[in-house]
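Visitor: Please work out how this folds:
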Amino acid sequence: MPRRAPLPPPPPPVEIRTWPDREAMLADRAVVLGELVKMHVGPGRLGLLWMWAALAAIGWSLVGTGIVMFEQAIDLVDFVSVIGGIVSLVIGAAVLIPAVAFLCLGVSRDRKVRTLLTAWGALARDPERDRRLRMPEMSLIWLLLSFGLGAVGLALCVIGPASARPGRDTYGLVALVVGVGMVAWLTALIGAVTALAHRRWVVGVLMGGGAESNPGGAGSAAAPESGPVRPPFVRTGGPGHR
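Guide: Alright, predicted model coming up:
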């Protein structure tokens, strides 16, 4: 798996800000916010979420298949089904556990990204550069895909157990269907929350809530007596300290 880009640091406190002028501060703000928005609602983040969700669904399907095979082994006294069930359970757990772990790590990272978005967005208002950060098309794609996936997941969770018939459908099969439905529904919930959080940030910070800076730069500290210091962030494959 490719290494994730590190998160940029939060904006420096007012007393140690060293941007020489407002334009330098706005340029750094635009670079950092551009990277953060990509991390939050970019196509890469959407693909990563769906990839781990798909692996989690596959893992649970293998676990459910193992349970079904165990039930068949008990009914038919079939040793081969026992071996197959054990193999299916082991492989399923090996796929499911890392996928769930990475999904949780992704959710935790999203929360940190949203905190940084709010902090950097509140530095100043920059309508020209902020226009490209709104990304309404990506938010809509996230929301529509989440709605469709959530509907499928909810249908599996409800219709699967409701349509099960005693003697024909095993408990393992019902658990398999419900588990896949829960993975789909939770993934859709994560996607919907991400899309709505981005829209809320756009409306609340970029369009209405950002703090307007003074002409010398939002909260920019005066340059040291030895001369102006270059801004702390530049784009070298990603924002970072000099």
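Visitor: ok, which stretches of this structure are helices?
Guide: Per DSSP state H, the chain carries helices over the ranges 22-41, 43-76, 79-121, 127-130, 136-163, 171-201.
Visitor: Could you export the ones you listed as JSON lines, including mean neighbour count, mean pLDDT and distance to Pro11?
Guide: All C-beta spots, glycine's among them, are computed from the backbone N, C-alpha and C. Formatted as JSON lines, the helices of the chain follow (neighbours: other C-beta atoms under 10 Å; pLDDT from 0 to 100; distance: least, C-beta to C-beta, whole Å):
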{"stretch": "helix 22-41", "mean neighbour count": "21", "mean pLDDT": "94", "distance to Pro11": "8"}
{"stretch": "helix 43-76", "mean neighbour count": "18", "mean pLDDT": "90", "distance to Pro11": "22"}
{"stretch": "helix 79-121", "mean neighbour count": "16", "mean pLDDT": "93", "distance to Pro11": "6"}
{"stretch": "helix 127-130", "mean neighbour count": "13", "mean pLDDT": "90", "distance to Pro11": "16"}
{"stretch": "helix 136-163", "mean neighbour count": "16", "mean pLDDT": "92", "distance to Pro11": "24"}
{"stretch": "helix 171-201", "mean neighbour count": "19", "mean pLDDT": "93", "distance to Pro11": "16"}
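Visitor: between those helices, which gets nearest to Leu7?
Guide: Within those, the stretch nearest Leu7 is helix 79-121; the backing value is 6.1 Å (C-beta to C-beta).
Visitor: now the angle from that closest one to helix 43-76?
Guide: Relative orientation of helix 79-121 with respect to helix 43-76: 160 degrees, computed using axes from the mean of the first three to the mean of the last three C-alpha atoms, to 10 degrees.
Visitor: Just give me how far helix 79-121 sits from the chain centre.
Guide: Helix 79-121 sits 12 Å away from the centroid of its parent chain (C-alpha atoms, centre = their mean, to the nearest Å).
Visitor: and that helix, what does it pack onto?
Guide: Counting contacts by 3 or more C-beta pairs under 8 Å, 6 or more residues apart in numbering; DSSP states H and E, helix 79-121 is packed against helix 22-41, helix 43-76, helix 171-201.
Visitor: 6 Å instead?
Guide: Contact partners of helix 79-121 among helices and strands, from 3 or more C-beta pairs under 6 Å, 6 or more residues apart in numbering; DSSP states H and E: helix 22-41, helix 43-76.
Visitor: can those go into a markdown table with extra columns for distance to Ser139?
Guide: Formatted as a markdown table, the helices and strands packed on helix 79-121 follow (distance: least, C-beta to C-beta, whole Å):
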| stretch | distance to Ser139 |
| --- | --- |
| helix 22-41 | 6 |
| helix 43-76 | 11 |
